[in-house]
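Engineer: quick check, what structure comes out for this input:
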Amino acid sequence: MMKKLITYLLILLIGFSVGCKNKSADEETDVVLVGAGVMSATLGSMMKTLNPKLKINIYERLDLVAAESSDAWNNAGTGHSAFCELNYTPQRPDGTIEFNKAISINEQFEISKQFWAYMVSKGRLPEPNSFINNVPHMSFVWGNKNVAYLKKRYDVLSKQLLFKGMQYSENFDTLSKWMPLVMTGRSRKQKVAATYMAIGTDVNFGSLTRGLVASLKKENGVKVELNHEVKNLKRLDDGTWLVTVLDNKTEKERNIKAKFVFIGAGGGALRLLQKSKIPEGKGFGGFPVSGEWMVCNNQEIIAKHISKVYGKAGVGAPPMSVPHLDTRIINGKKALLFGPYAGFSSKFLKQGSYLDLTRSITLKNIWPMMSAGADNIPLTKYLISQVTQSDEERLNALKEYFPEAKASDWKLETAGQRVQIIKKDEKEGGVLQFGTEVVSAEDGSLAALLGASPGASTSVDIMITLLKKCFPQQMASPEWQSRMKEMIPSYEKKLSADKDLANKVRKANSTTLGLRYFTID
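Structural biologist: Residues are numbered from 1 along each chain as shown. Sure thing, here's the model as predicted:
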């Protein structure tokens, strides 16, 4: 009897194993894009341009495109070009200014604008003012030490090709013209300074993403399915991927066989990368950081401010928490926001689960995460101070940028959720890494994007890096090279080292996108 029972159980186990291994696909496609945010929309648009015959499936777990980090209310909307963001130009111990990252970020944003201009010219994006508008970029500081820093920063950046035209002033009356809200009610005795860049931009990444996805849906071979959540990824023996997708409405699962998978699911990318079990994804962890905005509800005040005014971050603050008083153009309407106030939530997505952080911890990343935590005590203290802030403390922070602010004119709104990368490190055990990183399988069949700011602004450059990693032969081919140069005229050239090319590209982009422009002398 026992032998029969054992034999029966063995048959069941073997049958189950074979069934799992040979699970058939319900559908086959060339590309699966996980998440309908700006990254997937950008990659899908580029790949369809490079190879119009591709079959592309896009799966989004929510019922709207760009409803998480790409939504206009969930990010700063700054066209990140390092004109005003002081965290891209830290001061070295010897007092000099590090500016290489600022140049790199600026050039990456210029690449994004080229691609957007191309898409507009081809009728694959709507009117440009629906997603990008000129809003001057300013850096503002007070106190002798900070003013000295900003002056050094200006002296260095104003000499760089892509930063020509930047203005600097410590004059109270000049600053009052640039940013009246910031200066009204401020003591003339306070030591202040600011830089001003007229060609700064505000970008509605939600509108941009929806425009790209709407265009993709019109293409042959492209399928966009909302309310569909990717639950699992399994590499098959032939090197392709079996992607298990759940229809959240019918609660039915399907298996999609894909040659290439991109995980562009924002904060949800880490768990799916872990499920893929590619060796390159081992050891990665994530630290979630939430945010909140103060949103102005007084139209008279909103009308008086026309700029993005960035200040210096507090000690230990992550890049996404640099304080700024922002003019925004959202769905054709002007808005005014201040923040973001950082916070902590164990969710990896704004509409995620409080168990996200716990579920992301594995034997492979627990040590890097613990090591990174021990090395980032200032960040922990900063987040605790932000979470425990009272309404009065938030208002006082706003008053540093708008001295006459009244609580009745502002309301607190929840911003987006970000997951900062924790990466395995041989010396430190684990390091908390700001920015974005592409993690890809050795054979190029799968890639995931981890991290946060300045992600959306540099999305095109990030996707070029991904394409080079995952499709090296195709990207080197004459056909793809030609199409890349059509999309991005400065492809594989440095605008920061070529004045004539920089002038030509900026003029063309600005004309197509309806943006302000001046010639670099």
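
Engineer: Tyr354: neighbouring residues, count only.
Structural biologist: Tyr354 has 10 neighbours, counted by other Cβ atoms under 10 Å. Glycine gets a C-beta too; all of them are placed from N, C-alpha and C.

Engineer: wait, is it part of a helix?
Structural biologist: No - applying DSSP: H, G, I helix; E, B strand; the rest coil, one finds Tyr354 to be coil, outside a helix.

Engineer: surely it meets Pro288?
Structural biologist: No - assessed by Cβ atoms under 8 Å, Tyr354 is found out of contact with Pro288, at 10.2 Å.

Engineer: contacting residues around Met47?
Structural biologist: By Cβ atoms under 8 Å, 6 or more residues apart in numbering, the contact list for Met47 reads 31, 54, 56, 467.

Engineer: the helices in the stretch 51-200 of the chain, which residues?
Structural biologist: With DSSP state H, counting those that start in this stretch as the criterion, the stretch 51-200 of the chain has helices at 100-121, 144-157, 172-178, 180-183.

Engineer: of all those, which lies closest to Leu270?
Structural biologist: helix 100-121 (23.3 Å; Cβ to Cβ).

Engineer: what packs against the closest one?
Structural biologist: In terms of contacts (3 or more Cβ pairs under 8 Å, 6 or more residues apart in numbering; DSSP states H and E), helix 100-121 is packed against helix 38-50, helix 205-217, helix 459-470, helix 478-487, helix 499-513.

Engineer: could I get these as TSV with mean pLDDT?
Structural biologist: As requested, these are exported to TSV (pLDDT from 0 to 100):
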stretch	mean pLDDT
helix 38-50	97
helix 205-217	97
helix 459-470	96
helix 478-487	98
helix 499-513	96
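
Engineer: okay, now the unreliable bits of the chain?
Structural biologist: 1-23, 314-321, 343, 348-350, 355-357, 363-388, 417-418, 420-421, 423-434, 452-454 (pLDDT under 70).

Engineer: same thing but 50
Structural biologist: 1-2, 4-22 (pLDDT under 50).

Engineer: most centrally placed residue in it?
Structural biologist: In the chain, the C-alpha nearest the mean C-alpha coordinate belongs to Gly455, at 2.6 Å (Cα atoms, centre = their mean).

Engineer: just to check, that one is in contact with Met39?
Structural biologist: Yes - assessed by Cβ under 8 Å, Gly455 is found in contact with Met39 at 7.3 Å.

Engineer: so what sits against both of these two?
Structural biologist: Counting by Cβ under 8 Å, 6+ apart, the residues touching both Gly455 and Met39 are 449, 462.

Engineer: Ser457: what secondary structure?
Structural biologist: With three-state DSSP as the basis, Ser457 sits in helix.

Engineer: name the nearest residue to it, sequence neighbours excluded.
Structural biologist: Excluding its sequence neighbours, the residue lying closest to Ser457 (Cβ to Cβ, 6 or more residues apart in numbering) is His80, at 3.7 Å.

Engineer: surely the one you found is in contact with Thr436?
Structural biologist: No - look at His80 against Thr436 with Cβ under 8 Å: they stay out of range, at 11.4 Å.

Engineer: neighbour count: these two, which is higher?
Structural biologist: Using other Cβ under 10 Å as the criterion, His80 and Thr436 rank with His80 on top: 26 against 19.

Engineer: the nearest residue to Asp409 once chain neighbours are set aside - how many residues pack around it?
Structural biologist: Nearest-residue entry for Asp409: Asn298, 4.1 Å, with adjacent residues in sequence omitted and distances by Cβ to Cβ, 6+ apart. Under the neighbour criterion other Cβ under 10 Å, Asn298 is assigned a count of 14.

Engineer: swap in Met179?
Structural biologist: 23.

Engineer: ok, it - contacts?
Structural biologist: 138, 140, 194, 305, 307, 309, 325.

Engineer: change it to 6 Å
Structural biologist: By Cβ atoms under 6 Å, 6 or more residues apart in numbering, Met179 lies in contact with 307, 309.

Engineer: repeat that for Ile105.
Structural biologist: 80, 82, 88.
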